[in-house]
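Q: below is the structure, and that's it, no one-letter string:
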């Protein structure tokens, strides 16, 4: 670091970190087709090492902020820079660490894909976008890389673009996220119009947690500035809408289950661990701007999303779709936690969720990968992602089974797992938040408890149907022929399984108070109630055990149990709360009607008018042509002919014969006298 200040040195390392995956993208996309996995893995591994080094230098220390002048508009100077604090350090280390494991897993999972070079290139572009998003120091830069994250995810979701479902899912994700981006842009515009800066350190402080909940004469005191309450509310709503779309929160969530059409390794990276977490990251980054109205909105949107997604997951049969709704539900917990003020608890759950959900997707990917190859080998025809076609894989795929069990235990929050600390901390905070409130707010923590128990049931249903019950298609002998995937894939599962344990995050398996993540972020202002910290985890754990036993009884001991029957709840869950139909009726159908009306108007009115105009012009041109040919040209030609005739007559008189000249003169004189006499 000789000759460089510490901030400059850290900034250079950060720039190198974000450029490494971008270098992979450039070299692979413009290089020879085929390969690229070694370059992609080497660069993302080096980026991960750099992120850990930056964490060792800056974690829990003064943030590093380095910026340069970017461009000037009038008298306003825009800057671009890097802000490294605990939040950005956590994000880049989380994204890079998960990405390394997914790259290793993908070397086997995506082997022999004819377009594998595009896969590695798109992963590099996505990682570059996420890194840059995480460490940018102003809202305009964040917005630019936010859009690039959306674009790269579009490429990855639609990677198998020859599949109609994949291309449609990519377009749906892209359009749905654009709706959220409008809100994000609106928030940026309001902030800039009020404060004439987009610098995060100026707006929120380098730690990003300035208290702005001071109101005076209907003006919010925001640092040294004042902003009308209504504009602060609108700006907060705009930022939250952006986060809702990216983190797939109700009602902008419908793109995420469809996005499972992409490769499972992609689902594990961008739709479980990193991209969808960008919405929660945005909330955390601009957290001071949210006033009580927006925070309450956040609470109820998050709670509804968590509950809704959990109920839908109960009746889904596609293994990736179940996990997609599980992701929406867990993100709902995080958003709700942000709303009640449990900032550090939300970040804690974001971190633990990244590991156990990535493990769930990769374990599911191992099952899909093996069933797919087995189906092609035997020439069978069945949906290899349908849990009803699976069954009995417990003994034939033991490592995958153990990994799936441990990840599921973390998801439902069993003791000694990471989510027992993070998710229970959120639910406890919800009870503490609701204690001094009235009305519907008091029902919120009970709804979260119910959602947690629904999570237990749907993930138990998945486990029992995949690993315990008999397959509806394959015989016992055929099931025994399906084995765990290659060692490269299973090693990744083992590493992720380790991060599902409490030891990684706290020395105390029954208390989150000693968690290094919770202690790295400011604690909430919610009044603590020690009784809740004991009684709530006990109730949750007891209910979890009962529901696991119930699911085992229903799905393992009763081979003929097919779910919840065909009642209203079943139909409501199976049809995903009819939201796709509602959107189709309210928006898609109206847009189709508008497009059909526009097409009719274009064809019958615009085109007809154009054709009639063309016919009229053609008629006028024909008339003009006739007039030109028969009148104008005729007159010109007649004049020419007359002149020619006169010329010939005049010529005929110039014969050179004297007798003819005398005769002509005589005739002219006679004619003259006759005319004179008669006139």
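A: All right, it came through fine. On a predicted model such as this, the values are computed, not experimentally measured, just so you know. Residues are numbered from 1 along each chain as shown.

Q: residue 192 against residue 198, yeah?
A: Yes: the pair residue 192 / residue 198 is scored as a contact, 5.7 Å apart, by C-beta atoms under 8 Å. To be clear about C-beta, it is placed using only N, CA and C from the backbone, and glycine gets the same treatment.

Q: quick one, which of these two is more surrounded?
A: residue 198 (20 against 16; other C-beta atoms under 10 Å).

Q: contacting residues for the more buried one?
A: By C-beta atoms under 8 Å, 6 or more residues apart in numbering, the contact set of residue 198 is 78, 138-140, 188, 191-192.

Q: so what does the one helix or strand residue 192 maps to touch, helix or strand wise?
A: Assigning secondary structure by DSSP states H and E places residue 192 in helix 164-195. The contact analysis (3 or more C-beta pairs under 8 Å, 6 or more residues apart in numbering; DSSP states H and E) places helix 164-195 against helix 139-157, helix 200-204, strand 225-228, helix 229-246, helix 255-258.

Q: from residue 118, how far out is residue 33?
A: As judged by C-beta to C-beta, to the nearest Å, residue 33 and residue 118 stand 9 Å apart.

Q: and the two? Which one has more around it.
A: The neighbour comparison of residue 33 against residue 118 (other C-beta under 10 Å) goes to residue 118, with 18 against 12.

Q: how about the more buried one, what does it touch?
A: Applying C-beta under 8 Å, 6+ apart, the residues near residue 118 are 29, 155, 159.

Q: filter the contacts of residue 198 down to the buried ones, ChimeraX style.
A: Applying 16 or more other C-beta atoms under 10 Å to the contacts of residue 198, the buried members can be selected in ChimeraX as follows:
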select :78,138,139,188,191,192
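
Q: quick one: which of the contacts of residue 198 is nearest residue 650?
A: The nearest member of these to residue 650, counting by C-beta to C-beta, is residue 78 at 88.8 Å.

Q: any idea how far residue 81 is from the nearest residue to that closest one once chain neighbours are set aside?
A: Among residues not flanking residue 78 along the chain, residue 70 sits closest, at 4.5 Å (C-beta to C-beta, 6 or more residues apart in numbering). As judged by C-beta to C-beta, residue 70 and residue 81 stand 9 Å apart.

Q: between these two, tell me which one has more neighbours.
A: Between residue 70 and residue 81, counting by other C-beta under 10 Å, residue 81 is the more crowded of the two (22 against 13).

Q: against residue 72, how distant is the more buried one?
A: Taking C-beta to C-beta, one finds residue 81 at 16 Å from residue 72.

Q: now swap in residue 533 and tell me
A: Distance of residue 533 to residue 72, given as C-beta to C-beta: 53 Å.

Q: who has more neighbours out of those two?
A: residue 533 (19 against 9).

Q: touching, the more buried one and residue 431? I think so.
A: No: the criterion here is C-beta under 8 Å, and residue 533 misses it with residue 431 at 9.6 Å.

Q: tell me the contacts of residue 492?
A: Shown in contact with residue 492 (C-beta under 8 Å, 6+ apart): 101-102, 104-105, 362.

Q: thinking again about what came up before, now do the shared contacts for residue 192 and residue 198.
A: Common neighbours of residue 192 and residue 198, using C-beta under 8 Å, 6+ apart, are residue 139.

Q: just to revisit the earlier point, could the contacts of residue 198 go into a markdown table alongside pLDDT and distance to residue 146?
A: Below are the contacts of residue 198 laid out as a markdown table (pLDDT from 0 to 100; distance: C-beta to C-beta, whole Å):
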| residue | pLDDT | distance to residue 146 |
| --- | --- | --- |
| 78 | 87 | 17 |
| 138 | 92 | 12 |
| 139 | 94 | 10 |
| 140 | 94 | 10 |
| 188 | 95 | 10 |
| 191 | 91 | 15 |
| 192 | 91 | 16 |
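
Q: as TSV, the contacts of residue 198 with distance to residue 373 would be great.
A: Listed next are the contacts of residue 198 as TSV, based on distance: C-beta to C-beta, whole Å:
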residue	distance to residue 373
78	53
138	48
139	47
140	47
188	48
191	52
192	54
